[in-house]
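# what's the 3D shape of this:
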Amino acid sequence: MNVRRSAAALAASAVLCVGAAPAALADTPSPSAPPVVPSGLFGKADPTYDGVWRQSLALIAQRTVGLKPAPQAVDWLTGQQCASGGFASFRADAAVACDDKTMYDTNATAVAVQALKVLGGKDAQVKKATDWLKSVQNDDGGWAYVPGSPSEGSSTSIVISALAAAGEKPAEVKSKAGKSAYDGLLSFQLGCSAEPASDRGAFGYQPADGKLAANADATAAAALAALGKGIVVEPAATDTAAAALACPAGSADPAAAAQGAAGYLAEALKKDGHLTAVTPGADQPTADTGNTADAVIALAAAGHRQAAAGALEWLQKNSTAWANRNPAALATLVLTAHATGTDPKAFGGVDLVAALNATGPAPVAPDAEPQKVKGEQKPGSGGQNLWWIIGAGAAAGMGIGILLSGRRKKQL
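Residues are numbered from 1 along each chain as shown. So this is what the prediction gives:
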């Protein structure tokens, strides 16, 4: 659920490794000559790689705080949907029909599902999008960012959260080979044989040389997915301590897997009060604001308020510059505040709602109360993540994961 990476085109090319990739990328506007930002779209930065993502998060956040989004903002999002039901990251001319050169994006489709569900009255669009997501499920039960590519932990998690928000039962969403969505998801969890022991319970992006590495981005997303939740999380009425992955691990139990992921995140946050990442060209790890916000939401969803408290305080003090004029970042912070029972209009002295509204069409008017959607999430759903580039110099599979997750975490 997050902001998206500028390196999406490069990553998609590396993931695809098929003949259609160069053609699709050739038709994608160059970052050096960005398309004109449509008036109905949130944010002023080049939307080529994150238009649908940031729009969806912004609409979800507005509905969560009881605002009715502007019609032109809703129309822009619905107009991005292809006839197949899927979404690309951004289509500069939505009047041109999608074709075999369209670079479909499972992550954009998944977060759009959640936005459409929250908006209400979009059942036909939601069904088409979820049907498309189910149609591109891999045989192992998981999903890739680019359909037809090997499954990876982050996209699998994001899609599962969307399916759950739309009313689907992930355990019953099965591939042609008979593998369920949860089969695909749990294959990315590091079990009790993982070393170092502190990585146990984490989820990985994709195996490199046959081995999974802990990935905070994938872990936070997977915790929500395994709980059958999206990014819109209601504050927990009770608080329990986060615990390490139980050994032997309940590999077939999504709820146990979610708690193991939460335990990993809680431990990872203890050192500095926030997560860190090694960005390309940097000598030392730097604060990873996006994944820290994701981790707070995941811990709140798992019922661990105290485990998230320190990171929440850190975000209130340190996220202002990162989220400045960034609709996806601001929206995620609004949802972070919502999950923790914090006032989004006084988040570290910042009115996140006003800041978000200022990046796009003004909402029509406040609703009497937020729209309620089936389940415990008031506005209906949420997706996965503000994503940051998490490292460099890894093997090819991990490198692609870093680039993909950067789409959501990178400030645009």
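# show me the shaky parts of the stretch 101-250 of the chain.
248-250 (pLDDT under 70).
# and if we set it to 90?
210, 230-231, 237, 245-250 (pLDDT under 90).
# which parts of it are helices?
For the stretch 101-250 of the chain, the helices defined by DSSP state H, counting those that start in this stretch occupy 106-119, 123-135, 153-165, 181-186, 216-226.
# could you dump these to JSON lines with mean neighbour count and distance to residue 235?
The way it works is simple: take the backbone N, C-alpha and C, and place the C-beta from them, glycine included. Below are those laid out as JSON lines (neighbours: other CB atoms under 10 Å; distance: least, CB to CB, whole Å):
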{"stretch": "helix 106-119", "mean neighbour count": "31", "distance to residue 235": "18"}
{"stretch": "helix 123-135", "mean neighbour count": "18", "distance to residue 235": "26"}
{"stretch": "helix 153-165", "mean neighbour count": "31", "distance to residue 235": "18"}
{"stretch": "helix 181-186", "mean neighbour count": "26", "distance to residue 235": "25"}
{"stretch": "helix 216-226", "mean neighbour count": "32", "distance to residue 235": "15"}
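# so can I have TSV of those helices showing distance to residue 252?
As requested, the helices of the stretch 101-250 of the chain are exported to TSV (distance: least, CB to CB, whole Å):
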stretch	distance to residue 252
helix 106-119	24
helix 123-135	22
helix 153-165	15
helix 181-186	7
helix 216-226	12
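# quick check: mean pLDDT across whatever helix or strand residue 306 lives in?
Take DSSP states H and E as the rule and residue 306 turns out to sit in helix 305-318. Mean per-residue pLDDT for helix 305-318: 97.
# residues in contact with the first helix or strand past it going along the chain?
Using DSSP H and E, the helix or strand that follows helix 305-318 in sequence is helix 320-323. For helix 320-323, contacts defined as CB atoms under 8 Å, 6 or more residues apart in numbering pick out 289, 290, 329, 330, 333, 348, 350, 352, 355, 411.
# try it again with 10 Å
By CB atoms under 10 Å, 6 or more residues apart in numbering, the residues outside helix 320-323 that reach it are 3, 287-290, 292-293, 315, 329-334, 347-350, 352, 355-356, 386, 388, 409, 411.
# in it, which residues are buried?
320, 322, 323 (16 or more other CB atoms under 10 Å).
# and the next helix or strand after it, what does it pack onto?
Using DSSP H and E, the helix or strand that follows helix 320-323 towards the C-terminus is helix 327-340. Contact partners of helix 327-340 among helices and strands, from 3 or more CB pairs under 10 Å, 6 or more residues apart in numbering; DSSP states H and E: helix 51-64, helix 289-301, helix 305-318, helix 320-323, helix 352-357, helix 396-409.
# might you calculate how far helix 327-340 sits from the centre of the chain?
12 Å (CA atoms, centre = their mean, to the nearest Å).
# what is the mean pLDDT for that helix?
Averaging the model's pLDDT scores along helix 327-340 yields 98.
# going forward, begin numbering at 6 instead of 1
Understood, numbering begins at 6; the last thing we discussed is helix 332-345.
# quick check: angle from it to helix 294-306?
Calculated by axes from the mean of the first three to the mean of the last three CA atoms, to 10 degrees, helix 332-345 forms an angle of 30 degrees with helix 294-306.
# got the angle for helix 332-345 vs helix 56-69?
Interaxial angle of helix 332-345 relative to helix 56-69 (the same axes, to 10 degrees): 40 degrees.
# with just CA atoms, put stretch 76-87 into PDB.
What follows is stretch 76-87, C-alpha atoms only, in PDB (Å, rounded to 0.1, in the frame of the first residue of the first chain):
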ATOM      1  CA  PRO A  76     -16.700  13.000  -8.900                       C
ATOM      2  CA  GLN A  77     -13.800  13.800 -11.300                       C
ATOM      3  CA  ALA A  78     -11.400  12.000  -9.100                       C
ATOM      4  CA  VAL A  79     -13.600   8.900  -9.000                       C
ATOM      5  CA  ASP A  80     -14.200   9.100 -12.800                       C
ATOM      6  CA  TRP A  81     -10.500   9.300 -13.500                       C
ATOM      7  CA  LEU A  82     -10.000   6.000 -11.600                       C
ATOM      8  CA  THR A  83     -12.900   4.200 -13.100                       C
ATOM      9  CA  GLY A  84     -11.900   5.300 -16.500                       C
ATOM     10  CA  GLN A  85      -8.500   3.600 -16.100                       C
ATOM     11  CA  GLN A  86     -10.000   0.200 -16.000                       C
ATOM     12  CA  CYS A  87      -9.500  -2.000 -19.100                       C
END
